[in-house]
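K.L.:
predicted model, plus sequence, below.
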Amino acid sequence: GENVEQHPSTLSVQEGDSAVIKCTYSDSASNYFPWYKQELGKRPQLIIDIRSNVGEKKDQRIAVTLNKTAKHFSLHITETQPEDSAVYFCAASINSGTYKYIFGTGTRLKVLA
Amino acid sequence: DTEVTQTPKHLVMGMTNKKSLKCEQHMGHRAMYWYKQKAKKPPELMFVYSYEKLSINESVPSRFSPECPNSSLLNLHLHALQPEDSALYLCASSVYYSGTGTYEQYFGPGTRLTVT
């Protein structure tokens, strides 16, 4: 079945630096890749997503890139701020009518002031 | 209304109790989900309802019983739970984009369940 690997599991950066989180998926039929941010005690929030017909998408300080050939996608956060500190989950979804996401294992990002 | 809501926020129950979790959305989403999340882990899918019919059951023990009374409501009935069932239970709903055949999922705030 589908598997999504996420690295690193923890990431510490200085405020203002960039952070990159990478995910690799196994099923080439996957066509939708969302990223969620989960602050402590809060719900996972959809922060950005990318569909398989697009190579890159940007929203202010956040960007996601997709390499379909290599089957990996990455989250890029620039000019990090303390409020970016959270756990980030990637996910992959297949258009098979099953409505199912496969989540990565999560990355705990700490932005040091 | 652009939100998924869940009640209660916190629940403590004994192993012989029966309780229910409630989830509501008024965004017209036709797929709704129950997830279980343990600390420092990703959400783990339990059930999916599509157009008010159960479409996925991820081999969840029968002590968890889902119900979808209508397109806006989703319940999770709990009975004879074990301490290891203590977790954050998240509800989600999703909107389907026919042009791309993809789904965006939105989560509720969760119910923090403790089984004693």
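P.N.:
Received, thanks.
K.L.:
near chain B, which residues of chain A show up?
P.N.:
A:31-32, A:34, A:36, A:42-46, A:49, A:51, A:53, A:87, A:89, A:93, A:95, A:98-101, A:103-106, A:108 (C-beta under 8 Å from any C-beta of the partner chain). Any C-beta I mention is one placed from the backbone N, CA and C, and that applies to glycine too.
K.L.:
any of those residues buried? List them.
P.N.:
Among these, those buried by neighbour count (16 or more other C-beta atoms under 10 Å in any protein chain shown) are A:31-32, A:34, A:36, A:43-44, A:49, A:51, A:87, A:89, A:93, A:95, A:99-101, A:103-106.
K.L.:
now the strands: where do they sit in chain B?
P.N.:
Remark: strands assigned in chain B by DSSP state E are B:4-7, B:10-13, B:18-25, B:31-37, B:44-50, B:53-57, B:64-70, B:73-79, B:87-97, B:102-107, B:111-115.
K.L.:
quick one, what contacts the residue nearest to the spatial centre of chain B?
P.N.:
Geometric centre of chain B, nearest residue: residue B:34, 2.5 Å, by C-alpha atoms, centre = their mean. Applying C-beta atoms under 8 Å, 6 or more residues apart in numbering or on different chains to residue B:34 gives the contacts B:23, B:45, B:46, B:47, B:64, B:66, B:74, B:76, B:89, B:90, B:91.
K.L.:
go with 10 Å
P.N.:
For residue B:34, the contacting residues are B:21, B:23, B:43-49, B:57-58, B:60, B:64, B:66, B:74-76, B:89-92, taking C-beta atoms under 10 Å, 6 or more residues apart in numbering or on different chains as the criterion.
K.L.:
what residues are bridge-paired with residue 6?
P.N.:
No chain in the question, so chain A it is. residue A:23 (DSSP bridges).
K.L.:
actually, chain B is the one I wanted.
P.N.:
As for beta bridges, residue B:6 partners with residue B:23 under DSSP bridges.
K.L.:
so how far is residue A:84 from it?
P.N.:
Remark: distance between residue B:6 and residue A:84 (C-beta to C-beta, to the nearest Å) = 26 Å.
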